[in-house]
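Engineer: pasting a predicted model and its sequence here:
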Amino acid sequence: MSTRCPACFRDDFTVTGLSQHLAKSRNPHCQALYHQSRSQLHTSEQQDEPDESTAPDPGGYGEDKPDESTAPDGPDGDEFLQWGQEQYDGSDGDGDEDDEEWNFEPEWEPPVEEWEPPIEEQAEDMGMDTIEDLADEDEHRTHQDIQARVQGQHGCVVVPYPDPRAGQQITRCRAANAEYEAHLANEEENLYHPFASKMEWEVARWVKLRGLSSTALSDLLAIEGVSERLSLSFKNANELNAIVDHGLPTGRPKFKRKQIVVAGEAFDIYYHDVIECIKSLYGDPDFAKYLAFAPERHYSDEDETVRLFHDMHTGKWWWDTQKKLDQHSPGGTIIPIIISSDKTQVTLFRNKSVYPVYLTIGNIPKEIQRKPSHGVDGLRMASGDGALRRCHPLFASFIGDYPEQLLVTGIKFGECPKCDIDVDEMDALAALDEGNLSFVRACSAAGIKPIVHPFWEDLPFTNIKGITCLSRISGTEHAQICRFLLGIVIGIRLPNDLNAGRLLRAVQGLLDFLYLAQYPCHSSETLQLLDDALNLFHENKDIFVDLGICSNFNLPKLHAARHYPAMIMMFIHRTTSHRFAKDAYRATNHKDEFVQMTRWLERKEKILRHDKYVNWRCAGVEETIPYHSRPPDMTFCRLQSVAKHPSAKAISIDKLVEDYGATYFREALARYITQLNHASDPIPLCSQTLDVLAQDVHFPFRTLPVFHKVKWLSVDARGHGDATATLDSVHARPQQSSGSGLRPRRSDTALVSIGGNPDVVSGGIEVKVPTHFAYIEWFEPFTLAPDRHHGLYKLSRSLHSGEKVASIVPLANIEVFPDGTPPNLRSCARSWSKAFLSAPLGEDMFWSTSSEVVFDDMIGVDE
């Protein structure tokens, strides 16, 4: 649904787009309306909250905000509020700015001089009240439209890089698997060489990939007859290691060891050659068809007004850097190098830690995932399919937590590793000529560490501000707390008659920001929502000071949030896994562990590389299907899964009522059977007739098998061969006696698709009886829109004549289990126009309590 601008009468806006249009338009009539609306809004806020501050610090970092008359311009003043205007500074995103500048495209605006509004007086009569009414009416639909566009539901328009030479193939060479085969000394054409048979290879792969210790393997093979029955050529772990070490080609770079001395203390460093690592990743045959070789711009609409950001080649950094590279060496292929580091504790009690550094390349889609002269001049590199290109490895981004960011940028705690600093502060570097002591003092005064030559100093096309803190948004416990936090503060009474609405808005803004930041794909519209959410928090955050919870907001992580939109547009959100260091340490005997850890990693990588080769040989020659990058699937595509056997084989109906809390099970089942028996009637049964007929239903059974859990599994929608993972689950467990007393029953909330009235079936339809069912008790259906103050749906139990409303539904109708997070709840409710919730134990709720759900398995049920 489009919204019309009351000043220029353009009628192709969303509500969010109208707000951006008014704020950024160069049309004088639109500008006049915008300033009038801002003035009315400011006056309205003062009237609503006369006793509280209305000018909070939007920065959330550093000193408290000074008086605006003395506040400096730039990143230490109103940087966050100015971000939206700075990104539309008139450049087209591909100008020839300095290496340190990032470019942002402006929104399209109609030429002012070619158009005049037909009735100017109408704009003067329509102010902020009209705009707010439009926003209130269409907000939930607008958000749904934004999500549909960012999910690519309306298609994806791809704009290629204008120079076709970028990422161009030079020639071809032998493909990676063929090259690997050439290094195998396999004269007998044994598919599994150097292993004697398929059985021996399968055992070796299981041992090395499943974490079996060397001692355990040796003990297993020492059992009389085991090695002979399996026809294994190795008799213990040492013999297997010898086959892996000497029989398998070195498909990956080997570890090197170097000792460095810092302040008289020696440290052992284990490392790979960076270029060899890049070649290995770039030439991996599994990645060959997924690699991106040139930047692209992706849009969700034919007019190219809503840009999408997902994989790194769709971001602004690659496009801008490709232009700069083309000035020196046209036709090159950029390989964005992404480095991640995180201090990892490998023991629980001895506090032993390692500092692993991980490397990946931005050519690989994010969901699969230092030689400066090479960056400028390039080097020939073959991808897994044998295509040779002139590649330019360029350091693009560093991913790390705040302590690691400080180490990389050389600044001190409390400073921002991304904000610009006054050029005068860089005079500290000139103090090096005055001696070490003067240099250290000057650096301390400037807030930087006394590092003379950082590792990124001479890297071409590198801006160390490419550092990103998007490595991890939240842990499991943090995510669970976020699900309930907003519901807890709704309706809370604050001391001293403080305005609870400010607390609600502050929490809502911050939670919305956290959830929006985790989108796997962003658009220019969702980034505006991200900006709006953080603004909402900053506008109301002083409530925490008034409550005595904190005295200031000098929090580096809070300040870092202002950089998220720009970082997403430049580099896209990426995640890293740091599990390898812990896994490697656990495989050692904890003596001289670093040598063992590197050897364990090398052997595991050899097994993984040989596994790819064996799969390639077994598959034969396959035609490669062209892969086209597209936005990731953000819909609720999940596969429902139930255990093969029931949790309880025979539960009486009385037990279902008493222990599971299925109070109305008999009535609900009788009604469902009646519905099935009359499904082919030309006229559907009304509720009253259904109740009468259900009284004559008698059950030919006394017990039923019951399942206590149903799961939803991930779907490999993009065809990457991703392993299936459990995303959600719903439980229904009975009350049980335990040593300490009675353990209460458990029942979860579920979203159920009914396709119409749950008590009425359409007439004249042949119905196939499903095999699995669920007993549920209902909530009232969703309202048309969520509460305007907190964005949640208030739910209450569905009652009929004071009794709970219960039903039996096919288990397949429970298609999604929302996690209670505000954005997800709003999205689910809007997209499920005919959906109900199974009822909780409480009277009212804000989407986050348990409910009555029991899963039954009934086959061939008759009257």
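Structural biologist: Received the coordinates, thanks.
Engineer: for residue 516, which non-adjacent residue is spatially closest?
Structural biologist: residue 530 (4.7 Å; CB to CB, 6 or more residues apart in numbering). Quick note: C-beta positions are derived from backbone N, CA and C, even for glycine.
Engineer: tell me the residue furthest from the middle of the chain?
Structural biologist: The centre of the chain is farthest from one residue, residue 696, which by CA atoms, centre = their mean lies 52.8 Å away.
Engineer: now name the helix or strand holding residue 144.
Structural biologist: In the assignment (DSSP states H and E), residue 144 maps to helix 128-150.
Engineer: what is the helix or strand that comes right after that helix packed up against?
Structural biologist: Next helix or strand after helix 128-150 toward the C-terminus (DSSP H and E): strand 157-160. For strand 157-160, the packing partners by 3 or more CB pairs under 8 Å, 6 or more residues apart in numbering; DSSP states H and E come out as strand 296-299.
Engineer: can I get the strand it packs on in PDB? Just the C-alpha atoms.
Structural biologist: Only the C-alpha atoms of strand 296-299 are listed here, as PDB (Å, rounded to 0.1, in the frame of the first residue of the first chain):
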ATOM      1  CA  GLU A 296      27.400  -6.500  -7.900                       C
ATOM      2  CA  ARG A 297      24.500  -4.300  -6.700                       C
ATOM      3  CA  HIS A 298      21.300  -6.200  -5.700                       C
ATOM      4  CA  TYR A 299      17.900  -4.500  -5.600                       C
END
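Engineer: ok, which stretches of the stretch 451-600 of the chain are strands?
Structural biologist: Along the stretch 451-600 of the chain, counting by DSSP state E, counting those that start in this stretch, strands occupy 522-523.
Engineer: low pLDDT regions in it?
Structural biologist: The model of the stretch 451-600 of the chain has pLDDT under 70 over residues 464-477, 573-579.
Engineer: quick revisit: got the contact list for the residue nearest to residue 516?
Structural biologist: 513, 516-517, 522, 564-565, 568 (CB atoms under 8 Å, 6 or more residues apart in numbering).
Engineer: let's see that with 7 Å instead.
Structural biologist: By CB atoms under 7 Å, 6 or more residues apart in numbering, the contact list for residue 530 reads 513, 516-517, 564-565.
Engineer: what does residue 583 give?
Structural biologist: Counting by CB under 7 Å, 6+ apart, residue 583 has no contacts.
Engineer: against residue 404, how distant is it?
Structural biologist: Per CB to CB, to the nearest Å, residue 583 is found 21 Å from residue 404.
Engineer: the closest residue to residue 652 other than its chain neighbours - how many residues pack around it?
Structural biologist: In space, and not counting its chain neighbours, residue 652 is closest to residue 703: 5.2 Å by CB to CB, 6+ apart. When neighbours are defined as other CB atoms under 10 Å, residue 703 has 14 of them.
Engineer: verify the stated contact: residue 703 with residue 651.
Structural biologist: Yes. Between residue 703 and residue 651 there is a contact under CB atoms under 7 Å: 5.9 Å.
Engineer: count the residues that sit near the residue nearest to residue 787 when sequence neighbours are not counted.
Structural biologist: Using CB to CB, 6+ apart and skipping the chain neighbours, the partner closest in space to residue 787 is residue 794 (6.3 Å). Residues near residue 794, counting by other CB under 10 Å, number 15.
Engineer: element containing residue 639?
Structural biologist: Following DSSP H and E, one finds residue 639 within strand 638-642.
Engineer: so what secondary structure elements neighbour that strand?
Structural biologist: Judged by 3 or more CB pairs under 7 Å, 6 or more residues apart in numbering; DSSP states H and E, the packing partners of strand 638-642 are strand 709-714.
Engineer: can you tell me which helices and strands the strand it packs on packs against?
Structural biologist: Judged by 3+ CB pairs under 7 Å, 6+ apart, the packing partners of strand 709-714 are strand 638-642, strand 726-733.
Engineer: buried set for the last one?
Structural biologist: Buried residues in strand 726-733, counted by 16 or more other CB atoms under 10 Å: 727-728, 730-733.
Engineer: same check on the first one?
Structural biologist: The neighbour-count check on strand 638-642 (16+ other CB under 10 Å) flags 638, 640, 642 as buried.
Engineer: so residue 382 is in contact with residue 284, correct?
Structural biologist: No. Applying CB under 7 Å, one finds residue 382 not in contact with residue 284, separated by 11.0 Å.
Engineer: count the neighbours of residue 446 for me.
Structural biologist: Residue 446 has 20 nearby residues by other CB under 10 Å.
Engineer: for it, give me the pLDDT.
Structural biologist: Per-residue pLDDT puts residue 446 at 76.
Engineer: would you mind measuring from it to residue 411?
Structural biologist: For residue 446, the distance to residue 411 - CB to CB - is 9 Å.
Engineer: repeat for residue 604
Structural biologist: 37 Å.
Engineer: show me where the stretch 151-300 of the chain dips below the pLDDT cut-off.
Structural biologist: Scanning the stretch 151-300 of the chain for pLDDT under 70 picks out 151-154, 187.
Engineer: hey, where'd the helices end up in it?
Structural biologist: Counting by DSSP state H, counting those that start in this stretch, the stretch 151-300 of the chain has helices at residues 176-182, 198-209, 214-221, 226-229, 237-247, 274-282.
Engineer: kindly reformat the ones you listed as a markdown table and extend each row with distance to residue 646 and mean neighbour count.
Structural biologist: Shown next, in a markdown table, are those (distance: least, CB to CB, whole Å; neighbours: other CB atoms under 10 Å):
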| stretch | distance to residue 646 | mean neighbour count |
| --- | --- | --- |
| helix 176-182 | 46 | 17 |
| helix 198-209 | 31 | 17 |
| helix 214-221 | 35 | 15 |
| helix 226-229 | 36 | 12 |
| helix 237-247 | 42 | 15 |
| helix 274-282 | 47 | 18 |
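Engineer: the longest helix seen in the chain: how far from the chain's middle?
Structural biologist: In the chain, assigned by DSSP state H, the helix with the most residues is helix 593-619. Counting by CA atoms, centre = their mean, to the nearest Å, helix 593-619 is centred 29 Å from the centre of its parent chain.
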